[in-house]
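Visitor: Give the three-dimensional model of this entry:
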Amino acid sequence: MLTTQSYLVGMLVYWSAAVFGLLLLRRLWFGESMTRASGALLGVLAGLLLMPAFPGPEVATMAPALIVVIFNSLFGDGIKAAMMPGVILLAGMLTGGLLGGWRFGKRATPRDK
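Guide: Numbers count the residues shown, from 1 in each chain. Alright, predicted model coming up:
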């Protein structure tokens, strides 16, 4: 079991690395202006990177949902063990895609210079 303090520190490090990775992906893949589709794609990637499998301080692990789904389905107890983290992962991807498309779709036209 994790203490509340160790859980918060772990989540801070985990999210910092994921946000840094998203900033690099945005800079390398999309350049200056983003469309609604590219914002949605970046949001889906954010959902993949930022969703923990079992959010909460009472859990014994803080693995990302993507890793838990892959390992539970391939090496664990099969699809049944990967179902709940998979639902959490899909919810994060859907939320990220919708928010990313909405956020970057608002200014799909190039900025005035």
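
Visitor: where do the helices sit along this structure?
Guide: In chain order, the chain shows helices spanning 4-25, 36-50, 65-74, 79-105, with DSSP state H as the criterion.

Visitor: which one of the ones you listed has the most crowded surroundings?
Guide: Comparing those by mean neighbour count (mean count of other C-beta atoms under 10 Å), helix 36-50 ranks first with a mean of 20. C-beta coordinates here come from the backbone N, C-alpha and C atoms, glycine included.

Visitor: counting contacts, what elements does that one pack onto?
Guide: Helix 36-50 is packed against helix 4-25, helix 79-105, with contacts defined by 3 or more C-beta pairs under 8 Å, 6 or more residues apart in numbering; DSSP states H and E.

Visitor: Which of those sits closest to residue 45?
Guide: helix 4-25 (6.3 Å; C-beta to C-beta).

Visitor: where does the chain dip in pLDDT?
Guide: Residue ranges of the chain with pLDDT under 70: 1-2, 55-57, 59-61, 106-113.

Visitor: Apart from its neighbours in sequence, what residue is nearest residue 48?
Guide: The spatial neighbour of residue 48 that comes closest, neighbours along the chain excluded (C-beta to C-beta, 6 or more residues apart in numbering), is residue 66 at 5.4 Å.

Visitor: which ones are touching the one you found?
Guide: The contact partners of residue 66, by C-beta atoms under 8 Å, 6 or more residues apart in numbering, come to 48-49, 51, 89.

Visitor: Kindly reformat these as JSON lines containing distance to residue 35.
Guide: Written out in JSON lines, the entries for those read as follows (distance: C-beta to C-beta, whole Å):
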{"residue": "48", "distance to residue 35": "20"}
{"residue": "49", "distance to residue 35": "21"}
{"residue": "51", "distance to residue 35": "24"}
{"residue": "89", "distance to residue 35": "25"}
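
Visitor: Cheers, nothing more for now.
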